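Engineer: Prediction below, plus the sequence it came from.
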Amino acid sequence: MQAPIAQKIPVTLTTAGQERIDNYFWLKERDNPQVIAYLEAENAYTKTVMSDTEDFQEQLYTEITSRIKQEDQTTPYFENGYYYYTRYEQGGEYPIYCRRKESMEAPEEVLLNGNVMAQGHAYFHIDGYEISPDNRMMAYCIDTVGRRIYATMFKDLQTGEATGAIISGTAGSLAWADDNKTLFYTLKNPETLRSEKLMTHVIDGNQPDRLVFHERNEAYDLDVFRSKSDKMIFVASESNSSTEYRFADAADTEGNFTIVQPHKKGLEYHLEHFRDKFYIITNYQAKNFRLMETMVDNPSIKNWKEMISHRDDVLLEDFEIFNDFLVVVERKNGLIQLRIRPVSGEEYYMTFDEEVYTADVSYNPAFDTDLLRFTYNSLTTPNSVFDYNMRTREKTLLKSQEIPGGFNSDEYTAKRLYAPAPDGKKIPISLVHKKDVEPDGHTPLLLYGYGSYGFTLDPAFSVARISLLDRGFVYAIAHVRGGQTLGREWYDDGKLLNKRNSFTDFIACAEYLIAEKYTDAEHLCAMGGSAGGLLMGAAVNMRPELFKAVIAAVPFVDVVTTMCDKTIPLTTGEYDEWGDPEDETFYSYIMSYSPYDNVTTQAYPNMLITTGLHDSQVQYWEPAKWIAKLRDLKTDDNMLLMHTNMDAGHGGASGRFEQYRETALEFAFLCKIVT
């Protein structure tokens, strides 16, 4: 079977006074039958090329899903008189949301059964739900397309019946007022999908839904939620580099919100309410953030008082308030630390034993407790949930991820390495492999990367990854700049006019792993998704000979064209990350690395590109245009494949088992090439 060849229809695009020709611009026409036919042809070609691995894919799928406990349940948490938890049934693809009144011995009340609700839908996702203060009414959001546009629905938990209208086009952000009838929610722009309007809906009310606030600045998105204290409703207007909070009494059904601190370029802050104060984590005069407090009745920035000061080597990420304790989530040397500050007594840090790990504060709805719930896992340790007594310093394991068939952490080893970047920076690498695998310079190795938005890829456990490790792979994470592994400066050094550092960091990590005899260019694979797909695209343009196989999942690769189109979802909020290409300086810089614009006549590695037809984050046409251009210009005979999930969006298939069909394809692709 011959590879599909997309038709060339030249279109001249002009940006910042510069012209460029796009031969595949027509692939943006989602409703064009020729576009769908092209995507289906690529799927058929991928299926044909990978047909000799179909049995192996089924083996991988069965292997991975066999490690997932069929009948499982999350750790219950207690809130407002009920224990809430999620459980899964034998063979069930979707969660069942439940609660029990006062005791886990009480009768179970099923709130939502995802398996029943998903029937008839190729894609189904419950984004979340909110329970009214009197515990009777439930509002929840579902997506049946994969485009992250939600329908908000209502259920009377006393009668079990649906009630009220279905609200379409919502953003999945909800908060009940104290009257148990008024719901605050956010509404998306139908074209850009920006969360831009704060609305109220009254259950069984005769009046139409009311607009409370319209965020007209295209750089900002809205989010609404109740405070931990349940005394207030917060509305956050946020971009990648600026925040503005509003608050109102939770009893105020009209939504008379007060601004804490108006938007100011570069000012970020996040807050929580406790008694008569707001506690605020902010980058105000503090690149790595600091913790402040202020009185509720006078909350502007001029009245903020410092509680924890800025440190050059510690990033302040989050905090949790209790009556007698303050818990601070910090990142130092790339790893999370949990700092406990009693109201009276000496502060201290919780200790963790592994060299590389990830830990985080879990959901802690109560103030009046000595127990902190937190999660812990690592590259070799399955996820665990603990209650930690902050007074006695005792840990109680509540749940450890059970791996059916068994998993022995002692059979694997993990470590941290540092690769020298061209400018002298040391780039952390988290690495894991089986102990009986001795890297000899020819070992298959998968190097994973992301490097954008300040998002840190923590060294976390994966049941799927075991299938690669057990087949002799080394797995490594390149903590490149653009993430926040080593603090906010690490992020700033990988964005805007420093973005190329992300790519050269990744290449430096690849070179280092080869130089240190972990692998070689004949066995080195790379993978990244979304903005990590951009990382893959830039890396293979710059150094294609370094990699034998590359997987780019839902890749953001057509950077200039996308950033010039304000009608595309997310574009207007992305200027703080990439820059506005209508500015000549940013246009020239983005053009220097944009993967689609820099495809050239050269040999490329074996590549698998994945996307979803309904992707709202990275539109399907970016990878479609990219593969078309790669086919036209590449000079090698290596595999170049694309798989489009015609029923899903950015996150792929929605079922807890079905998602691993795509993982099995990816792993089979890697094994076909390097083992």
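Structural biologist: Structure received. Numbering: from 1, shown residues only.

Engineer: So which residues of the stretch 401-550 of the chain form helices?
Structural biologist: 466-469, 488-492, 500-515, 531-542 (DSSP state H, counting those that start in this stretch).

Engineer: hey, what's Arg20 bridged with?
Structural biologist: Arg20 has these beta-bridge partners by DSSP bridges: Leu13.

Engineer: so it makes contact with Val11?
Structural biologist: No: counting by CB atoms under 8 Å, Arg20 does not reach Val11; the two are 9.5 Å apart. Every C-beta, even on glycine, is put in place using the N, C-alpha and C of the backbone.

Engineer: As a quick check, tell me the outermost residue of the chain.
Structural biologist: Computed with CA atoms, centre = their mean, the residue of the chain farthest from its C-alpha average is Asn206, at 38.8 Å.

Engineer: Can you classify that one as helix, strand or coil?
Structural biologist: When classified by DSSP: H, G, I helix; E, B strand; the rest coil, Asn206 comes out as coil.

Engineer: and the gap between it and Ala624?
Structural biologist: As judged by CB to CB, to the nearest Å, Asn206 and Ala624 stand 48 Å apart.

Engineer: likewise Leu198?
Structural biologist: 36 Å.

Engineer: now Lys287
Structural biologist: Noted for Lys287: a distance of 39 Å to Ala624, by CB to CB.

Engineer: more neighbours, the two?
Structural biologist: The residue with more neighbours, out of Lys287 and Ala624, is Ala624; 24 against 15, by other CB atoms under 10 Å.

Engineer: so the more buried one touches Leu27, yeah?
Structural biologist: Yes: using CB under 8 Å, Ala624 and Leu27 qualify as a contacting pair, with a distance of 4.8 Å.

Engineer: Common neighbours of these two, please.
Structural biologist: Residues touching both Ala624 and Leu27 by CB atoms under 8 Å, 6 or more residues apart in numbering: Ala6, Val35, Tyr38.

Engineer: Could you export those residues as JSON lines, including neighbour count?
Structural biologist: Output for the shared contacts of Ala624 and Leu27, formatted as JSON lines (neighbours: other CB atoms under 10 Å):
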{"residue": "Ala6", "neighbour count": "21"}
{"residue": "Val35", "neighbour count": "19"}
{"residue": "Tyr38", "neighbour count": "23"}
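
Engineer: Surely Glu574 touches Asp565?
Structural biologist: No: in this structure, Glu574 is not within contact of Asp565 by CB under 8 Å, at 11.0 Å.

Engineer: Which residue of those two possesses the greater neighbour count?
Structural biologist: Glu574 (20 against 14).

Engineer: Give me the nearest residue to that one, chain neighbours excluded.
Structural biologist: Of all residues not flanking Glu574 in the chain, Met563 sits nearest, at 6.4 Å (CB to CB, 6 or more residues apart in numbering).

Engineer: Now do the helix or strand hosting the one you found: which elements does it pack against?
Structural biologist: Counting by DSSP states H and E, the element that carries Met563 is helix 559-564. On a contact count with 3 or more CB pairs under 8 Å, 6 or more residues apart in numbering; DSSP states H and E, helix 559-564 meets strand 11-15, helix 575-578, helix 584-591.

Engineer: With distance to Asp52 and mean pLDDT added, can I get the ones you listed in JSON lines?
Structural biologist: Output for these, formatted as JSON lines (distance: least, CB to CB, whole Å; pLDDT from 0 to 100):
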{"stretch": "strand 11-15", "distance to Asp52": "39", "mean pLDDT": "95"}
{"stretch": "helix 575-578", "distance to Asp52": "40", "mean pLDDT": "94"}
{"stretch": "helix 584-591", "distance to Asp52": "40", "mean pLDDT": "97"}
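
Engineer: Any idea which of those gets closest to Thr159?
Structural biologist: Closest to Thr159 of those is helix 575-578 (CB to CB; 47.0 Å).

Engineer: For that closest one, output the C-alpha coordinates as CSV.
Structural biologist: Listed next in CSV are the C-alpha coordinates belonging to helix 575-578 (Å, rounded to 0.1, in the frame of the first residue of the first chain):
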residue,chain,number,x,y,z
TYR,A,575,0.9,35.1,23.5
ASP,A,576,2.5,35.1,26.9
GLU,A,577,4.0,31.6,26.1
TRP,A,578,5.1,32.0,22.5
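
Engineer: ok, and what's touching it?
Structural biologist: Under CB under 8 Å, 6+ apart, the answer for helix 575-578 is 219, 239-242, 452-453, 495-496, 499, 559, 563, 586, 590.

Engineer: Just the buried residues of those residues.
Structural biologist: 219, 239-242, 452-453, 495-496, 499, 559, 563, 586, 590 (16 or more other CB atoms under 10 Å).

Engineer: Poorly predicted segments of the stretch 301-450 of the chain, please.
Structural biologist: When residues are selected by pLDDT under 70, none of them lie in the stretch 301-450 of the chain.

Engineer: Between the buried ones among the contacts of helix 575-578, which sits nearest Glu489?
Structural biologist: The closest of the buried ones among the contacts of helix 575-578 to Glu489 turns out to be Lys495 (CB to CB; 11.1 Å).

Engineer: so who does the closest one touch?
Structural biologist: By CB under 8 Å, 6+ apart, the neighbours of Lys495 are Ser452, Gly482, Asp576, Glu577, Trp578.

Engineer: Could you work out the most separated pair of those residues?
Structural biologist: So, the contacts of Lys495 by CB to CB: farthest apart are Gly482 and Asp576, at 13.0 Å.

Engineer: Of those two, which one has the most company?
Structural biologist: Gly482 (31 against 17).

Engineer: In space, what's closest to that one - neighbours in sequence excluded?
Structural biologist: Per CB to CB, 6+ apart, closest to Gly482 is Gly494, 2.8 Å.

Engineer: Please work out how many residues are found near the one you found.
Structural biologist: 26.

Engineer: related to what we said a few turns ago, out of the helices and strands packed on helix 559-564, the one nearest Phe657 is which?
Structural biologist: Closest among the helices and strands packed on helix 559-564, once you apply CB to CB, is helix 575-578, at 34.0 Å.

Engineer: Val116: how many residues sit nearby?
Structural biologist: Using other CB under 10 Å, Val116 is surrounded by 11 other residues.

Engineer: which residues touch Ser588?
Structural biologist: Contact analysis of Ser588 by CB under 8 Å, 6+ apart lists Ala16.

Engineer: Actually, Asn283.
Structural biologist: Per CB under 8 Å, 6+ apart, neighbours of Asn283: Gly266, Leu267, Glu268, Tyr269, Phe289, Arg488.

Engineer: can you put these in CSV and add distance to Asp156, neighbour count and secondary structure?
Structural biologist: As requested, those are exported to CSV (distance: CB to CB, whole Å; neighbours: other CB atoms under 10 Å; DSSP: H, G, I helix; E, B strand; the rest coil):
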residue, distance to Asp156, neighbour count, secondary structure
Gly266, 46, 9, coil
Leu267, 43, 17, coil
Glu268, 40, 17, coil
Tyr269, 38, 23, strand
Phe289, 43, 25, coil
Arg488, 46, 17, helix
